[in-house]
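A.B. asks: sequence plus the predicted model coming up.
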Amino acid sequence: MFERFNRIRLLYVVLAVLLLVGLLPLGLAGILLSGRSAEELRAVEGRYQAQLVQDKARQIELYGQRYRDVVSGLARAFEISGGIRLLASTRDDVRLQTTLQDDPNLIALAICPVRGEVHRAFQPDLIKREELDQRISEVLVRMNSRGVVMGRPQIIRSGQEMGLTIAAPVMDGDEIVAAVVAVVSFQEVFKAVQQSSSKSARELLDAGLPVVFVVDQNGKAVAHPDAAVAFSERPMTDLKVVQDWLETGAQVQSALAPFTLDRDGRITPMLGSYATAELDHNSLLGVVAIQDEAAALASVRDMRRQTLYISLLAATLALLIGFYFAEKLTRPVRELAAGALRIAAGDFSQRVKVPGRTELGQLGASFNQMTDQVERFVGDLQRSASENHDLFLGTVKALAAAIDGKDPYTRGHSERVSRFSVATAQGLGLPENEIEQIRISALLHDIGKIGIDDNVLKKPAALTDAEFEIMKTHPQKGYKIMSQIPAMRDFLPGMYMHHEMINGGGYPQGLKGDEIPMQARIVSVADTFDAMTTERPYQRAMDLETALTRLKSFVGTRYDARVVAAFIAACEAGKIRPGVSRVNRNGTNSLNQPVNSLPSIEPVSDSLLAVS
């Protein structure tokens, strides 16, 4: 599975290159152009906002200046005509009312002498007398010179109208003898900020249009597209752009102030700008415009969406066309790869089919020629390897037979030990390569006896202690001979350690338990069994049951329990009998003529088990 993920099909590479070459320039161009358009549009919207608030601020200033001039003109008229002494209480009140009716923006007009009765005219449906008198009192308190006094725009509670109070003094020399006071409607300012639109502020923001409103020096709304916001005199200081205007005051006439706003739980980038409308030195108003940046740049978003659609369409076409041509290109490559895998698996029966006049067709023909050559070479190598193996095995058998031939009583011993060991290894379920190593190791397990003197090796009686010590050196002698040959390295454990014991009492190294290789443990049991069940000059051969009982008695001390169990199972299955093995090299059964076992008269000695 991991190999599948590690491989990348050429088809995918070709398609990826097509997409990369076709879509990357288009995508980059779309991103760059839309980004540039967004910057340009943002700059245009910023300039438009700045110009918009400046224009609205100038309109408010002109509106305020207009009624400053009206009120101050009336005051100058009284000064020129001789002051307010000429006013008659009733007739002049009628004239004031007529003046009020001539200008719909005038809500109230009053003449307030320092000494005498106040003459007033007002629109009763817009303002009550008590509220008018309160406004007159508030503005007169601030009058202390010839200058015009303007109050901040305030809501007229009785008529739900926003009004601006303006007062101008009537002078007699250096003395203020009266004041002309006017309450002017702020409706014209409302019309200016509503921009001839019936949409609410939220609808304007959602449409990407600017929302313009006016705040006083306390940050309260005095004109807003939603009249309820202004009439509630709600503070707008939660908007950063309003905070920026309050901090700068009259120091900056206009500025851009982008900010963010929490709209419905989502932080939204906003475009913001402000300008200052100066009614007089003590009465400043801030004209503020805000705009949802994302909605304002909706055209750029549409451009990006169109670029995406065009890119997807181009990608689809590139994939369809590319898949067709890439499939034609990669099919021969896949065929060649499959052919190479078949060759690697040893299958030379098929040839690749790569038609065409291109280089791929030529490659297919060359590949088939190479397959023919490789098949011949591999056949030759297999025959040579088989011949070499047979030669090697024959040589080993001849060497083992030569060793056994030195003693007529041990003739065939190595061959039988080899067959017994193979049957046991198969019973243990060992891999085939390990079984083959055990076969050769068992054939050569007594190779070291070449170096033992014939007087000791062929002695027809029990060995003395000194002779026994000499005989015990045959594993080292065999190891010394065979370790010089690199190809024999895998067979050394059975030759060198087949006299080691599980309890550590063996030789030549005194290994114990799992320290002894499995190869040596198997050869040890097979070697002992053959020694016990063959005739020797100093002892009679045991029968099968007696030999197996003797093997079991040594489990845990001399022999491995699993090996003995597998050996006994092979005997019970008929694969092993004294002097007989029914196991071929390939694991099938064969039958050799058994050696007639004689009744066991004398027990096999430990010295026999130790050197067999």
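C.D. replies: That came in fine, so what should we check first?

A.B. asks: from now on I want contacts and neighbour counts done on CA atoms only, so please keep to that.
C.D. replies: Will do.

A.B. asks: could you look up the SS state of residue 279?
C.D. replies: Look at residue 279: counting by DSSP: H, G, I helix; E, B strand; the rest coil, its state is strand.

A.B. asks: I'd assumed residue 59 was in contact with it.
C.D. replies: No. Using CA atoms under 8 Å, residue 279 makes no contact with residue 59, being 10.8 Å away.

A.B. asks: of the two, which one has the most company?
C.D. replies: Legend: neighbour count by other CA atoms under 10 Å for residue 279 and residue 59, higher for residue 279 (21 against 16).

A.B. asks: in the chain, which spans are strands?
C.D. replies: Ranges of strands within the chain are 106-113, 119-122, 149-150, 154-156, 161-172, 175-185, 211-215, 221-223, 254-256, 259-263, 266-280, 283-292, 576-577, 580-581, based on DSSP state E.

A.B. asks: for residue 400, find the nearest of these.
C.D. replies: strand 580-581 (17.3 Å; CA to CA).

A.B. asks: could you export the strands of the chain to CSV, including columns for distance to residue 198 and mean pLDDT?
C.D. replies: Shown next, in CSV, are these (distance: least, CA to CA, whole Å; pLDDT from 0 to 100):
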stretch, distance to residue 198, mean pLDDT
strand 106-113, 25, 89
strand 119-122, 30, 87
strand 149-150, 31, 88
strand 154-156, 22, 87
strand 161-172, 19, 88
strand 175-185, 21, 89
strand 211-215, 12, 90
strand 221-223, 15, 88
strand 254-256, 26, 78
strand 259-263, 22, 82
strand 266-280, 22, 87
strand 283-292, 17, 88
strand 576-577, 109, 85
strand 580-581, 110, 41
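
A.B. asks: can you tell me which of these comes nearest to residue 42?
C.D. replies: Here strand 266-280 is closest among the strands of the chain (CA to CA), at 8.4 Å.

A.B. asks: residues in contact with that closest one?
C.D. replies: With CA atoms under 8 Å, 6 or more residues apart in numbering as the test, strand 266-280 has contacts from 46, 49-50, 53-54, 57-58, 60-61, 64-65, 149-150, 241-242, 245, 249-250, 252-262, 284-294.

A.B. asks: dump the strands of the chain to a markdown table, plus distance to residue 534.
C.D. replies: Below are the strands of the chain laid out as a markdown table (distance: least, CA to CA, whole Å):
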| stretch | distance to residue 534 |
| --- | --- |
| strand 106-113 | 141 |
| strand 119-122 | 145 |
| strand 149-150 | 137 |
| strand 154-156 | 130 |
| strand 161-172 | 131 |
| strand 175-185 | 136 |
| strand 211-215 | 115 |
| strand 221-223 | 121 |
| strand 254-256 | 113 |
| strand 259-263 | 102 |
| strand 266-280 | 97 |
| strand 283-292 | 106 |
| strand 576-577 | 11 |
| strand 580-581 | 11 |
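
A.B. asks: name the helix or strand of the protein that has the lowest mean pLDDT.
C.D. replies: Lowest on mean pLDDT, DSSP states H and E among the helices and strands of the chain sits strand 580-581, with a mean of 41.

A.B. asks: tally up the residues packed near the closest residue to residue 153 other than its chain neighbours, please.
C.D. replies: In space, and not counting its chain neighbours, residue 153 is closest to residue 164: 4.6 Å by CA to CA, 6 or more residues apart in numbering. Residue 164 has 21 neighbours, counted by other CA under 10 Å.

A.B. asks: just confirm residue 164 contacts residue 139, I think it does.
C.D. replies: No. With contact defined as CA under 8 Å, residue 164 does not reach residue 139; the gap is 10.7 Å.

A.B. asks: which neighbours do those two have in common?
C.D. replies: With CA under 8 Å, 6+ apart, residue 164 and residue 139 have common neighbours 150-151.

A.B. asks: about what we covered before: ok, now how distant is the residue nearest to residue 153 from residue 549?
C.D. replies: Distance of residue 164 to residue 549, given as CA to CA, to the nearest Å: 126 Å.

A.B. asks: do the same with residue 231
C.D. replies: From residue 231 to residue 549 the distance is 115 Å (CA to CA).

A.B. asks: so which of those two has more stuff around it?
C.D. replies: residue 231 (19 against 11).

A.B. asks: check contacts around that one.
C.D. replies: Here residue 231 is in contact with 155, 160-162, 222 (criterion: CA under 8 Å, 6+ apart).

A.B. asks: run the last query once more with 10 Å
C.D. replies: 154-157, 160-162, 221-224 (CA atoms under 10 Å, 6 or more residues apart in numbering).

A.B. asks: quick one, which of the residues you listed are buried?
C.D. replies: The neighbour-count criterion (16 or more other CA atoms under 10 Å) marks 154-156, 161-162, 221-224 among these as buried.

A.B. asks: can you lay out the residues you listed as CSV showing distance to residue 473?
C.D. replies: Shown next, in CSV, are the buried ones among the contacts of residue 231 (distance: CA to CA, whole Å):
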residue, distance to residue 473
154, 123
155, 123
156, 127
161, 126
162, 124
221, 114
222, 118
223, 117
224, 115
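
A.B. asks: so which pair among those residues is furthest apart in space?
C.D. replies: 156 and 224 (15.8 Å).

A.B. asks: report the separation between residue 188 and residue 243.
C.D. replies: 26 Å.

A.B. asks: please enumerate the helices of the stretch 201-350 of the chain.
C.D. replies: 201-206, 227-231, 240-248, 293-296, 298-344 (DSSP state H, counting those that start in this stretch).

A.B. asks: the residue nearest to residue 424 when sequence neighbours are not counted: how many residues sit nearby?
C.D. replies: Distance criterion CA to CA, 6+ apart; nearest residue to residue 424, sequence neighbours excluded, is residue 567 at 5.0 Å. Using other CA under 10 Å, residue 567 is surrounded by 29 other residues.

A.B. asks: ok, residue 377 next?
C.D. replies: 12.

A.B. asks: model confidence score at it, please.
C.D. replies: You'll see residue 377 listed with a pLDDT of 82.

A.B. asks: and if you look at residue 51?
C.D. replies: Value for residue 51, per-residue pLDDT: 88.

A.B. asks: may I have the beta-bridge partners of residue 235?
C.D. replies: Beta bridges link residue 235 to residue 220, judged by DSSP bridges.

A.B. asks: check it and give its pLDDT.
C.D. replies: Taking residue 235 on its own, its pLDDT is 89.

A.B. asks: low-confidence ranges, the stretch 251-400 of the chain, go.
C.D. replies: Applying pLDDT under 70 to the stretch 251-400 of the chain flags residues 251-252, 299-300, 356-357, 360.

A.B. asks: distance of the nearest residue to residue 563 once chain neighbours are set aside relative to residue 280?
C.D. replies: In this structure, residue 563 finds its nearest non-sequential neighbour in residue 522, 6.1 Å apart by CA to CA, 6+ apart. Counting by CA to CA, the gap from residue 522 to residue 280 is 116 Å.

A.B. asks: quick one, which of those two is more surrounded?
C.D. replies: The neighbour comparison of residue 522 against residue 280 (other CA under 10 Å) goes to residue 522, with 30 against 17.

A.B. asks: if we can go back for a sec, can you pick out the most distant pair from the contacts of residue 231?
C.D. replies: Within those, 157 and 224 form the most distant pair, 17.1 Å apart (CA to CA).

A.B. asks: tell me the contacts of residue 559?
C.D. replies: 499-503, 513, 521-522, 524-525, 551-553 are the contacts of residue 559 under CA under 10 Å, 6+ apart.
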